[in-house]
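Chemist: From the sequence below, what's the structure:
(2 chains)
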There are 2 protein chains.
Amino acid sequence: MTHPLFAKHEDTLRNALAAIETRGYWSPFAEMPSPKVYGESSNAEGEAAFKAHLHQTFELDQPGSGQTVGAERSPYGFALDVRYSKADPDSLIAAARTAEDSWRRAGREAWVGVSLEILSRLNRASFEIAYSVMHTTGQAFMMAFQAGGPHAQDRALEAIAYAWAELRRVPPDAHWEKPQGKNPPLAMSKRYMIAPRGIGLVLGCCTFPTWNGYPGLFADLATGNAVIVKPHPGAILPLAITVRIAREVLREAGFDPNVVTLLATEGDDGPLVRQLAVRSEIKLIDFTGSTANGNWLEQHAHQAQVYTEKAGVNQIVIDSADDLKAVVRNIAFSLALYSGQMCTAPQNIYVPRAGIRTAEGHIAFDDVAAAIAGAVQKLVADPARAVEILGAIQNDGVVRRIGEARTLGRVLLESTPLEHPAFSEARVRTPLIVGLDARSDAAKFTTEWFGPIAFVVATDSTQHSLELAGSIAEQHGALTLSVYSTDEATIEAAHEAAIRGGVALSINLTGGVFVNQSAAFSDFHATGANPAANAALTDPAFVANRFRIVQSRMHVAPLGEAAQPGQTA
Amino acid sequence: MTHPLFAKHEDTLRNALAAIETRGYWSPFAEMPSPKVYGESSNAEGEAAFKAHLHQTFELDQPGSGQTVGAERSPYGFALDVRYSKADPDSLIAAARTAEDSWRRAGREAWVGVSLEILSRLNRASFEIAYSVMHTTGQAFMMAFQAGGPHAQDRALEAIAYAWAELRRVPPDAHWEKPQGKNPPLAMSKRYMIAPRGIGLVLGCCTFPTWNGYPGLFADLATGNAVIVKPHPGAILPLAITVRIAREVLREAGFDPNVVTLLATEGDDGPLVRQLAVRSEIKLIDFTGSTANGNWLEQHAHQAQVYTEKAGVNQIVIDSADDLKAVVRNIAFSLALYSGQMCTAPQNIYVPRAGIRTAEGHIAFDDVAAAIAGAVQKLVADPARAVEILGAIQNDGVVRRIGEARTLGRVLLESTPLEHPAFSEARVRTPLIVGLDARSDAAKFTTEWFGPIAFVVATDSTQHSLELAGSIAEQHGALTLSVYSTDEATIEAAHEAAIRGGVALSINLTGGVFVNQSAAFSDFHATGANPAANAALTDPAFVANRFRIVQSRMHVAPLGEAAQPGQTA
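Modeler: Now for the predicted structure:
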């Protein structure tokens, strides 16, 4: 008996399974906020739904304390003033423990079917979620829609597909029959049961709450676990909407909605998180955030499987180019996109001190640096256009970091505030570019400067650049590495640096793909092979440990006394 | 170009892949030490090869210090006096670092082909390894042959098959093409490279050095990692022979043999292991041994993926039986087999205080306990026959533990020394059985009493027995749970207890299968879901984290300026 929600979404699942094997382009969720796809009134309705949340208490019928929390502020300059029920972790754990029993018994088709149904409802809520993402993270609307909606849904579907690919490998039962020479065979009937790990804890971030939060959430759900979602206190609303939709679907499908609950917080929730993360009932933790917090979880939450994405130093190696203009145009967009607040945004740009070869001849280091700065300047020259790329700065810490970074070296491009045409109080800053030297400034560029901060670093040679790229990724972590070269051998050497650093490599991006971008079903986001992340989105390792197999066996035929069984089978 | 060793063993691999999916009976390695299979002179040659190791220095051309170590003693009463090169961990790590580069470049077919070739050579050495296992672990010859040889090889092949199943899911490359409406599509060529984690450390145990050591060793090798094998100081020889064969195959196949090295030790090697285990170069650790050491590794070796098998409390629940004689005969054999020194051997036998139902009517608790004790006594009555089941006691600590255990409660069956007909100095002891009460003795039976020690525990009811079984497995760990019942509902309740405890369940074993036995390709050994082990032999989770995927991407077609790419792909 196939679960009806599994049957409903089986085609989508089958296509997703094919996509993760072939890794070509595929997506079931339209990335353009088109009225033709999402409905004529979808944008207006989504915005209205978002606005209806403001200055209200977000209703969620889960165990609560009666008190409320919530202090989200839009980076576009206003308080959301959404209040959430203040949950007690003990009550949420108790509720999840109650809920997980019938959820476990429902079995793999129910887990996957319900997960896929939640996803299709989330897709319908893409505009509401987009506005919520925009006004918590500071992303411009287009990115908030795409990354917060369909692209996050793609990543969720990918995790579900990987989970199903592992789950379906376990046969529900087997017949085992071992020959015994002239005696009757030993015969047994075996049953293999999927045992979910327990309760998952998803710890969200303030820049991509859904994109980074969904893979863990859906990997947990699709393997039969209950989940407590603890958003970053600065970006609760997108995950609160998500949890509400998940609970609706669970309830409609006949399950205890406390399979998914929300733990909203305000202020410094570090102590609460650290207490919760080591609870024996918490068996899975998915975290996106700072290296300090991620390392703490890896080193203390021994009772759980811990999946982290932390800080890293993303790098670009410029060796040579056919068309430097196309190179710097592409780089400029990568630096400006969401003001460098993407975990994949480049920070260190290595250029040989002696300059580079191009189709138009040799170009000096200073001229390469100036070309990059010029391309960024051009990109942000028109504030109305610029804010649609830059978005807003998520928090004041990033603004302070820009101020600190400009003292590190020679400022090649100043960061300036921009006035947002629609939101006068928006916190908008253009990218800062600072010139450094690899010989003297290593301490400065081997840590992450999160935000619109980039360094053009003079190196001894491309070989030196690649050596830096590989070793910095290996030691300090990185999610992306980009190389520009017209030389085959250099591109192969860049592959070696990428392997050493355990980092994804992009080569000669000069067109409509940017190093910050990671396409679900095709690109692995992070590798798990360097300190920036201990897991990848998504590979088999991301899902295989979220459940266990418990088996039983019993004889199905009697045995002769004279059988000579092996002593350890 | 298929690697020749991959091509040579491809049929075996294909069969193994089918076996792990269907989980019926299958084994390519003959478990009976039959001259017809292994050759007329194989036994004599194997024994001679074993004896030739005695009082010699074991030659292994790996980096060494010039000094030697080794203090193995046969539990059958003599010193092996085999000396091994005393290796310096720094030199082994340096050698592995050098070796791993060309090993990585060789790629997945080479890793798997070489691993399978090593395995087929190990199979040919089964008799030599059997005698080495016998005279380090104390296993009787038949078990030493089966568990140390073909069954260990089966477990290795299973790990290789799981590794291949994961590796082959990663396509070497892909073409990605994303439509852009009326504009030309974005097109990219992508390459996916397998990045092994680094150096694996395999920490062997003194009871099943090959059976417990091979899965980690071969899972590491088959995913492209280098491996340092650190045997238990009491059982070096079987793994030394294994490493020598692995190195021979590597060298013949054109690789640096330091892909696999041996770290032999003597005395308390705890400090050395703890130092080595946290080295940044060690990325994978496979451990079988004590809970204290396993927990230490889990909590300190954060730079590595740690796979542990530790202590547990295995349990039998007796509810009712058609044929109590068959029940106690089966249990007696499980208790006697290798003197309870199997990690799967039962310890706690729960019987309701009020007795049980059988086909021959009600049987009182004392009579059930007496029947078990009687069956064991009968099994070990003839010393010549008994030693072929009991083997010898691996170390004096086990003998001391028997003495301690007999003070815990009412002795139902005394443990006595037996004279071995062939080895007069052999350390042989019959099983001890002690009667306990669940109400008053919980502290006594909730820890592992490793060795020939079993408790018959009076409980309030079968429900109470199952409650104990589930909660003790959950809290203290267990590898096996066995239930005897003629009642369908009780068997279902036992499944629930097994799920709660995360432990494999055997039902009504009265014939030629024993709860201690775990059949490769069909039975999962351990679950990873309770404190007895954090991993299972073997499931996808056991292999999926042993490698990472590093990708690259580059454009393969130019893009129009007007393209409107998504902002996060």
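Chemist: what stretches of chain A score poorly on pLDDT?
Modeler: A:557-569 (pLDDT under 70).
Chemist: rerun that using 80 as the cut-off
Modeler: Low-confidence segments of chain A (pLDDT under 80): A:1, A:557-569.
Chemist: need the longest strand for it.
Modeler: strand A:183-196 (DSSP state E).
Chemist: Once you drop chain neighbours, what's closest to residue A:205?
Modeler: residue A:288 (4.1 Å; Cβ to Cβ, 6 or more residues apart in numbering or on different chains). All C-beta atoms are positioned from the backbone trio N, CA, C, and that covers glycine.
Chemist: need the residues of the stretch 301-450 of chain A near chain B, please.
Modeler: Proximity of the stretch 301-450 of chain A to chain B (Cβ under 8 Å from any Cβ of the partner chain) is limited to residues A:302, A:337, A:338, A:342.
Chemist: hang on, the last one packs against residue A:207?
Modeler: So the one you mean is residue A:342. Yes: between residue A:342 and residue A:207 there is a contact under Cβ atoms under 8 Å: 7.3 Å.
Chemist: can you list residues touching both of those two?
Modeler: Residues touching both residue A:342 and residue A:207 (Cβ atoms under 8 Å, 6 or more residues apart in numbering or on different chains): there are none.
Chemist: hmm, back to that, next, find the distance separating the residue nearest to residue A:205 from residue A:390.
Modeler: 22 Å (Cβ to Cβ, to the nearest Å).
Chemist: can you map out the helices along the stretch 151-300 of chain A?
Modeler: A:209-222, A:237-252, A:270-277, A:291-300 (DSSP state H, counting those that start in this stretch).
Chemist: So for chain B, which of the ones you listed sits nearest?
Modeler: Of all the helices of the stretch 151-300 of chain A, the one in closest proximity to chain B, counting by Cβ to the nearest Cβ, is helix A:291-300 (5.5 Å).
Chemist: The next helix or strand after that closest one packs against which elements?
Modeler: Next helix or strand after helix A:291-300 toward the C-terminus (DSSP states H and E): strand A:305-309. Packed against strand A:305-309 by the contact rule (3 or more Cβ pairs under 8 Å, 6 or more residues apart in numbering or on different chains; DSSP states H and E) you find strand A:282-288, helix A:291-300.
Chemist: right, so of the ones you listed, which gets closest to residue B:243?
Modeler: helix A:291-300 (31.8 Å; Cβ to Cβ).
Chemist: and the angle from the closest one to strand A:282-288?
Modeler: Counting by axes from the mean of the first three to the mean of the last three Cα atoms, to 10 degrees, helix A:291-300 lies at 160 degrees to strand A:282-288.
Chemist: Show me which residues of helix A:291-300 are buried.
Modeler: A:291, A:293, A:294, A:296, A:297, A:298 (16 or more other Cβ atoms under 10 Å in any protein chain shown).
Chemist: in stretch A:24-35, what's buried?
Modeler: Neighbour-count burial for stretch A:24-35 [16+ other Cβ under 10 Å]: A:24, A:25, A:26, A:27, A:28, A:29, A:31, A:33.
Chemist: near chain B, which residues of the stretch 151-300 of chain A?
Modeler: So the stretch 151-300 of chain A meets chain B at A:151, A:165-166, A:169, A:171, A:174-180, A:186, A:188, A:190-193, A:195, A:197, A:211, A:298-299 (Cβ under 8 Å from any Cβ).
Chemist: Quick check: the gap between residue A:394 and residue A:11.
Modeler: On the measure of Cβ to Cβ, residue A:394 and residue A:11 end up 38 Å apart.
Chemist: So for these two, which sits in the more crowded spot?
Modeler: More crowded of residue A:394 and residue A:11, by other Cβ atoms under 10 Å in any protein chain shown: residue A:394, with 26 against 10.
Chemist: Got the domain ranges for chain A?
Modeler: A:40-310+A:533-552, A:315-507 (the TED database).
Chemist: Could I get those in a markdown table, plus columns for distance to residue B:56?
Modeler: Converted to a markdown table, these look like this (distance: least, Cβ to Cβ, whole Å):
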| stretch | distance to residue B:56 |
| --- | --- |
| domain A:40-310+A:533-552 | 39 |
| domain A:315-507 | 42 |
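Chemist: just the strands in the stretch 351-500 of chain A please.
Modeler: Taking DSSP state E, counting those that start in this stretch as the criterion, the stretch 351-500 of chain A carries its strands at A:356-358, A:361-363, A:410-413, A:432-437, A:453-459, A:480-484.
Chemist: Pull up the pairing partners for the last one, direction included.
Modeler: Using DSSP bridges, strand A:480-484 pairs in its sheet with strand A:315-318 (parallel), strand A:504-507 (parallel).
Chemist: Might you calculate how far the last one sits from the centre of the chain?
Modeler: Strand A:504-507 sits 18 Å away from the centroid of its parent chain (Cα atoms, centre = their mean, to the nearest Å).
Chemist: Now do that strand: everything it contacts.
Modeler: A:479-483, A:485, A:491, A:494-495, A:497-498, A:513, A:515, A:518, A:523-527, B:550-554.
Chemist: circling back: could I get the strands paired with strand A:480-484 as a markdown table with mean neighbour count and distance to residue A:425?
Modeler: Formatted as a markdown table, these follow (neighbours: other Cβ atoms under 10 Å in any protein chain shown; distance: least, Cβ to Cβ, whole Å):
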| stretch | mean neighbour count | distance to residue A:425 |
| --- | --- | --- |
| strand A:315-318 | 28 | 34 |
| strand A:504-507 | 26 | 36 |
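Chemist: Export those to JSON lines and append columns for distance to residue A:354.
Modeler: What follows is the strands paired with strand A:480-484, written out as JSON lines (distance: least, Cβ to Cβ, whole Å):
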{"stretch": "strand A:315-318", "distance to residue A:354": "12"}
{"stretch": "strand A:504-507", "distance to residue A:354": "22"}
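Chemist: looking at it, residue A:415 is touching residue A:429, isn't it?
Modeler: Yes: counting by Cβ under 8 Å, residue A:415 does reach residue A:429; the two are 5.1 Å apart.
Chemist: joint contacts of the two?
Modeler: With Cβ under 8 Å, 6+ apart as the test, residue A:415 and residue A:429 both reach A:402, A:452.
Chemist: Let me see the ranges of the strands in the stretch 51-200 of chain A.
Modeler: Using DSSP E, counting those that start in this stretch, strands in the stretch 51-200 of chain A cover A:57-58, A:68-69, A:73-74, A:78-79, A:83-85, A:173-180, A:183-196, A:199-203.
Chemist: Looking at the ones you listed, which one is packed in the most?
Modeler: Neighbour counts (mean count of other Cβ atoms under 10 Å in any protein chain shown) averaged over each of the strands of the stretch 51-200 of chain A peak at strand A:199-203, with a mean of 28.
Chemist: same for that strand, what does it pack against?
Modeler: helix A:89-106, helix A:209-222, strand A:226-230, helix A:270-277, strand A:282-288.
Chemist: all helices for the stretch 351-500 of chain A, in order.
Modeler: Counting by DSSP H, counting those that start in this stretch, the helices of the stretch 351-500 of chain A are A:365-379, A:383-390, A:396-405, A:442-445, A:462-476, A:488-501.
Chemist: For the stretch 151-300 of chain A, give the residue positioned nearest to chain B.
Modeler: Closest point on the stretch 151-300 of chain A to chain B, by Cβ to the nearest Cβ, is residue A:174, at 4.0 Å.
Chemist: Spit out the contact partners of that residue.
Modeler: Taking Cβ under 8 Å, 6+ apart, one finds A:189, A:190, A:192, B:22, B:23, B:24, B:522 in contact with residue A:174.
Chemist: What of residue A:344?
Modeler: A:314, A:479, A:480, A:515, A:516, A:517, A:518, A:525.
Chemist: swap in residue A:398?
Modeler: Per Cβ under 8 Å, 6+ apart, neighbours of residue A:398: A:339, A:341, A:429, A:450, A:451, A:452.
Chemist: Just to check, the fifth one is in contact with residue A:393?
Modeler: Yes: at 7.0 Å, residue A:451 and residue A:393 qualify as touching, with contact defined as Cβ under 8 Å.
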